[in-house]
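Q: Following is a predicted model, sequence given first.
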Amino acid sequence: MKTGESKTLAFRRLAANRTNNAVKNIRLLGNLSNKNNYTYSEEEVKKIFNTLEEETKLAKSRFHVGLSKRKKFRL
């Protein structure tokens, strides 16, 4: 939090930055779908998106419960 910044303004600033970064990285992840440049299995794709969905659900639940379980992603 910046000096003199309210908690509300800090939340809004950080939420905007982090959301934009997440969206950018999801778009970059989508670039990996180009089969001219990459080879991948459907199982790998499922694992990527299952992990993203799980982490999104966990992050969302933290706003309601305050609990967190973090797992490291691996293919």
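A: Perfect, I can see it now.
Q: give me the element residue 22 is part of.
A: Using DSSP states H and E, residue 22 sits in helix 7-31.
Q: next structured bit after that helix?
A: helix 42-62.
Q: Kindly calculate the angle that that next one makes with helix 7-31.
A: 170 degrees (axes from the mean of the first three to the mean of the last three Cα atoms, to 10 degrees).
Q: centre of the chain versus helix 42-62, how much separation?
A: Relative to its chain's centre, helix 42-62 lies at 9 Å (Cα atoms, centre = their mean, to the nearest Å).
Q: counting contacts, what elements does that helix pack onto?
A: Taking 3 or more Cβ pairs under 8 Å, 6 or more residues apart in numbering; DSSP states H and E as the contact definition, helix 42-62 has no neighbouring helices or strands. Bear in mind the C-beta positions are built from the backbone N, C-alpha and C, glycine included.
Q: rewinding a little: can you list contacts of the helix holding residue 22?
A: 1-2, 5, 48, 52 (Cβ atoms under 8 Å, 6 or more residues apart in numbering).
Q: Could you dump the residues you listed into a markdown table with neighbour count added?
A: Output for those, formatted as a markdown table (neighbours: other Cβ atoms under 10 Å):
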| residue | neighbour count |
| --- | --- |
| 1 | 11 |
| 2 | 8 |
| 5 | 12 |
| 48 | 15 |
| 52 | 15 |
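Q: Let me see the domain layout of this structure.
A: For the chain, automatic domain parsing gives the domain ranges 1-39, 42-75.
Q: buried residues in the longest one?
A: By neighbour count with 16 or more other Cβ atoms under 10 Å, domain 1-39 contains no buried residues.
Q: Could you check the pLDDT of residue 68?
A: Looking at residue 68, its pLDDT stands at 56.
Q: Output stretch 35-53 as CSV - backbone C-alpha positions only.
A: Output of stretch 35-53 as CSV, limited to C-alpha atoms (Å, rounded to 0.1, in the frame of the first residue of the first chain):
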residue,chain,number,x,y,z
LYS,A,35,-0.3,-26.2,-33.9
ASN,A,36,2.1,-24.8,-36.5
ASN,A,37,4.4,-23.8,-33.6
TYR,A,38,3.6,-26.3,-30.8
THR,A,39,2.8,-29.9,-30.2
TYR,A,40,0.6,-30.8,-27.2
SER,A,41,-1.9,-33.5,-26.1
GLU,A,42,-5.5,-33.0,-25.2
GLU,A,43,-4.6,-34.3,-21.7
GLU,A,44,-2.1,-31.4,-21.3
VAL,A,45,-4.7,-28.9,-22.4
LYS,A,46,-7.2,-30.3,-19.9
LYS,A,47,-4.7,-30.2,-17.1
ILE,A,48,-3.8,-26.5,-17.9
PHE,A,49,-7.5,-25.4,-17.9
ASN,A,50,-8.5,-27.6,-14.9
THR,A,51,-5.7,-26.0,-12.9
LEU,A,52,-6.8,-22.5,-14.0
GLU,A,53,-10.4,-23.2,-13.1
